[in-house]
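> Provided below for reference: sequence and predicted model.
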Amino acid sequence: MKIKTVTTILLIVTILYSCSKSKKEDQSLLVEKTIEKTWVEFLTIVQEKDKTAFKEISSDRIRCYLCLENTLAEQKELESKRESDPNWYDQLYDKDIYIPIDRFVKEDFDLIFSSEFVSILKEKKTIFYKREDRKTEVYEVLVTTTEPSAEHEGGQHNFQFIKKKGGWKLSEIGTIP
């Protein structure tokens, strides 16, 4: 009698565990499909240079180191800070790197999303990587934009999307390395 009870309990626990695991996998697939759909929408927006739609799919601020030195004037300003401000590094990564979306659209959008760059983003292999280290849902979209060669180690651009009300929002643009 005891063996039947234990066996029945184990069977029920196994079934419940299996069902909950299957449900989590289904939810994970759904989330991955929505981020893939967001990426396709993002590519269409930047290809069409639809800055209004870009603002809607983006966070209020975008973490973007590229935005701090994508013109000669910005490069000189950054170099001047390095030479004159002992706290330049902290200032850079605590404050300056977060670009308000209106400023990004006005000053950086066209410099970053050239037709050539958008074509590379559309043609190259895309990797979707879920970040597990935060309380909020975050996906990194990685695109190898420079293939490795004898002269260059290669490189990727990463686009971070964070889950917010209303869907996925672009929150970061970066490069690796």
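Received, thanks.
> could I get stretch 55-74 in CSV with only the CA atoms?
Output of stretch 55-74 as CSV, limited to C-alpha atoms (Å, rounded to 0.1, in the frame of the first residue of the first chain):
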residue,chain,number,x,y,z
LYS,A,55,11.6,57.1,-31.3
GLU,A,56,8.6,54.9,-30.6
ILE,A,57,10.6,51.7,-30.6
SER,A,58,13.4,53.2,-28.4
SER,A,59,13.8,54.0,-24.8
ASP,A,60,14.0,57.6,-23.6
ARG,A,61,17.8,57.3,-23.5
ILE,A,62,20.1,55.1,-25.5
ARG,A,63,23.4,53.9,-24.1
CYS,A,64,25.7,54.7,-27.0
TYR,A,65,29.5,55.1,-26.8
LEU,A,66,29.7,55.5,-30.6
CYS,A,67,27.6,58.6,-30.3
LEU,A,68,30.3,60.3,-28.2
GLU,A,69,32.9,60.2,-30.9
ASN,A,70,31.3,59.8,-34.3
THR,A,71,32.4,63.3,-35.5
LEU,A,72,35.8,65.0,-35.5
ALA,A,73,34.5,67.6,-33.1
GLU,A,74,33.3,65.0,-30.6
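> which residues are contacting it?
With contact meaning CB atoms under 8 Å, 6 or more residues apart in numbering, stretch 55-74 is reached by 38, 41-42, 45, 75, 78, 92, 96-102, 104-105, 107-108, 111-112, 160, 162, 164, 167-175. Placement of C-beta: from N, CA and C, glycine included.
> How about stretch 115-134?
With contact meaning CB under 8 Å, 6+ apart, stretch 115-134 is reached by 31-32, 35-36, 39, 43, 46-47, 137-145, 157, 160.
> follow-up on the earlier one: just the buried members of the contacts of stretch 55-74?
Taking 16 or more other CB atoms under 10 Å as the criterion, what is buried in the contacts of stretch 55-74 is 38, 42, 45, 78, 92, 96-99, 101, 104-105, 108, 112, 160, 162, 168-173.
> Between the two ends of stretch 107-126, how far is it?
Distance across stretch 107-126, first residue to last, is 27 Å (CA to CA, to the nearest Å).
> Okay, and the beta partners of the spatially most central residue of the chain?
Most central in the chain under CA atoms, centre = their mean is residue 160, positioned 1.2 Å from the mean C-alpha point. Residue 160 forms beta bridges with residue 140, residue 172, as assigned by DSSP bridges.
> hang on, the earlier thing: can you tell me which of the buried ones among the contacts of stretch 55-74 end up in helices?
38, 42, 45, 78, 101, 112 (DSSP state H).
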